[in-house]
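> with the input below, show me the fold.
(chains A and B)
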Number of protein chains: 2
Amino acid sequence: MKIAVVGLGIIGGSYCKALKAYTPHTVIGINRTESVAEKALAEGAIDIIGTPESLGDADIIILCMYPQACVDFINEYGKYIRSDAIVTDAAGIKTALCPQLRKLSEEYGFTFVGSHPMAGKEKNGFEASDENLFMGASFIITPCGADKMTVNTLASLALEIGFGTIKVTTPEEHDRMIAFTSQLPHVLACAYVLSPSCPNHKGFSAGSYRDVSRVANINSKLWSELFLENREPLLEELEILYKNMSSLYHAIKDEDREKLAALLEQGHSVKQALGE
Amino acid sequence: MKIAVVGLGIIGGSYCKALKAYTPHTVIGINRTESVAEKALAEGAIDIIGTPESLGDADIIILCMYPQACVDFINEYGKYIRSDAIVTDAAGIKTALCPQLRKLSEEYGFTFVGSHPMAGKEKNGFEASDENLFMGASFIITPCGADKMTVNTLASLALEIGFGTIKVTTPEEHDRMIAFTSQLPHVLACAYVLSPSCPNHKGFSAGSYRDVSRVANINSKLWSELFLENREPLLEELEILYKNMSSLYHAIKDEDREKLAALLEQGHSVKQALGE
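Numbering: from 1, shown residues only, chains lettered A, B, ... in the order given. Reported below is the predicted structural model:
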């Protein structure tokens, strides 16, 4: 197959490298800044530098841009996409994005299926991309009306390039869960490092500091967009967290050792039940 | 030297194993439950099973019990400790503990120096102990009146068994910083996993879930004691975190993209400035 990857940042670049490393497919790289595409070509991460016009050569197109940029791109260049092509995205939000791409797919005649590779780093850009970024990670598919064969084609490709789990779900369920598993930890990490204690942590810190603060090294532009496009579920998770933090806060304030231990034990039990 | 380790849990057990692996010192293991000491002896983690009475053989005594249990132990058995011996603890709180141990050291004539090995795992007990637990970690010393030679003896020993950084500070500074670097992430992790979304996270999660939830697998008895013994600094850090989370919450709620991006950018800058 010929696979076009649009947007050669950390995710797009990793798709290219993994496709080259683990599949025989031809990889077409399309990127706004040409020097990045040239670098990808020189490194063997892609076979061909493509243009929007060359989308017609692709059997599968993976959009690896900011959410709204995916819509803008297809709006402008959807006319070049073949009607037997599969288009997917890689965005971290689905409810606000998938219906728009689905609508465009109907307009231009190709098949759209949403997806979200659950992998990343606290770095950006092609330089941070890695052929093993997806190794063992979860690949979430939101079919949004796509047929089973399309879903299976995409799932097989994901497993070929290293993903460990395929999860098929709705955009709404995706967004509710991602608010908890990914967005909330990013909000928390930023709030955490804004403590005046943070700049002085060295010598006083170990794994817990490192882990909770890691994702504070955030791409503020991308994540602002993701948070606002998933506002309701994220606000709900923040409210739940507030409530639970508040219970712990008051148990400590009231020196209620029994209640405090019971709350901590609840946390412990959740992790134990999950086998973590 | 003869070094007695009292309490063969994860920390005490790791001290024993590291001392045996990286130093020529003789290790005396003292533990309430005898079967654990026998296991340690059988595995070569200690040279001798000691009793409180054999404390008189030790040049250095490392107390690896819950904070209040350290005081109770010395209260009862301090009479066996030689006046040229150095006693240290391993507790995660210092202001509430060190003055008590300092007072007992004056009473019994030995030298006390507080310390806190900044290492751990989300597991407990001798089974979880590891000769490399301290590798590269920070070793915090609160001299509490101990002379420089004593501090240097302890620091050298810490470096010998793998610690990467020595930080000498006051109990108060230790407790303020630990509230932020260690206790707050533990409170957060527990509050986080109490979300009703948590049990369903599989397939939807990756590194951020794993990292922020890791330490929720908590020893509720130990951490209740640590939180309550460091109540004021911990409540203060919780209040700061509330405030910063609240700013982010309202920027999202008000769909104030500019403010939201600015707050996230602040978080990013803190991490960048720290080179993390």
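> would you map the helices across the stretch 51-200 of chain A?
Along the stretch 51-200 of chain A, the stretches classed as helices by DSSP state H, counting those that start in this stretch are A:67-77, A:98-108, A:148-160, A:171-178, A:184-193.
> single out the most deeply packed of these.
Of all those, helix A:184-193 has the most neighbours on average by mean count of other Cβ atoms under 10 Å in any protein chain shown, namely a mean of 27. No exception for glycine: its C-beta is placed from N, CA and C like everyone else's.
> which residues does it contact?
The contact list for helix A:184-193 (Cβ atoms under 8 Å, 6 or more residues apart in numbering or on different chains) reads A:198, A:212-216, A:218, A:223, A:227, A:234, A:237-238, A:241, B:184-185, B:188, B:192, B:195, B:208-209, B:211-212, B:241, B:244-245, B:247-249, B:252, B:263-264, B:266-268, B:270-271.
> what mean pLDDT does it get?
For helix A:184-193, the mean per-residue pLDDT is 97.
> got the CA coordinates for it in CSV?
Taking C-alpha atoms only, helix A:184-193 is exported to CSV below (Å, rounded to 0.1, in the frame of the first residue of the first chain):
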residue,chain,number,x,y,z
LEU,A,184,-6.5,15.6,33.8
PRO,A,185,-2.8,14.5,34.5
HIS,A,186,-1.7,17.3,32.1
VAL,A,187,-3.7,20.0,34.0
LEU,A,188,-2.5,18.6,37.3
ALA,A,189,1.2,18.6,36.2
CYS,A,190,1.0,22.2,35.2
ALA,A,191,-0.9,23.2,38.4
TYR,A,192,1.7,21.2,40.5
VAL,A,193,4.8,22.9,39.1
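> just put the helices of the stretch 51-200 of chain A in CSV and tack on distance to residue B:132.
Formatted as CSV, the helices of the stretch 51-200 of chain A follow (distance: least, Cβ to Cβ, whole Å):
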stretch, distance to residue B:132
helix A:67-77, 44
helix A:98-108, 47
helix A:148-160, 35
helix A:171-178, 36
helix A:184-193, 28
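> out of those, which is closest to residue A:115?
helix A:148-160 (6.3 Å; Cβ to Cβ).
> chain center to the closest one: distance?
For helix A:148-160, the distance from its own C-alpha centre to the chain's C-alpha centre is 18 Å (Cα atoms, centre = their mean, to the nearest Å).
> do the same with stretch A:99-106
Centre-to-centre, stretch A:99-106 and its host chain are 20 Å apart (Cα atoms, centre = their mean).
> any regions of the stretch 151-276 of chain A where pLDDT drops low?
Nowhere does the stretch 151-276 of chain A drop to pLDDT under 70.
> what are the ranges of the strands in it?
Listed in chain order, the strands of the stretch 151-276 of chain A (DSSP state E, counting those that start in this stretch) span A:165-168.
> look up how far chain B lies from residue A:131.
Using Cβ to the nearest Cβ, to the nearest Å, residue A:131 is found at 17 Å from chain B.
> and residue A:74, by the same measure?
Separation of residue A:74 from chain B (Cβ to the nearest Cβ) stands at 23 Å.
> check the gap between residue A:268 and residue A:261 for me.
10 Å (Cβ to Cβ, to the nearest Å).
> identify the contacts common to those two.
The contact lists of residue A:268 and residue A:261 share residue B:220, where a contact means Cβ under 8 Å, 6+ apart.
> report whether the helix ranked longest in chain A contacts chain B.
Criterion DSSP state H: the longest helix present in chain A is helix A:231-253. Yes: against chain B, helix A:231-253 shows contacts by Cβ under 8 Å from any Cβ of the partner chain at A:231, A:234-235, A:237-238, A:240-242, A:244-245, A:247-249, A:252-253.
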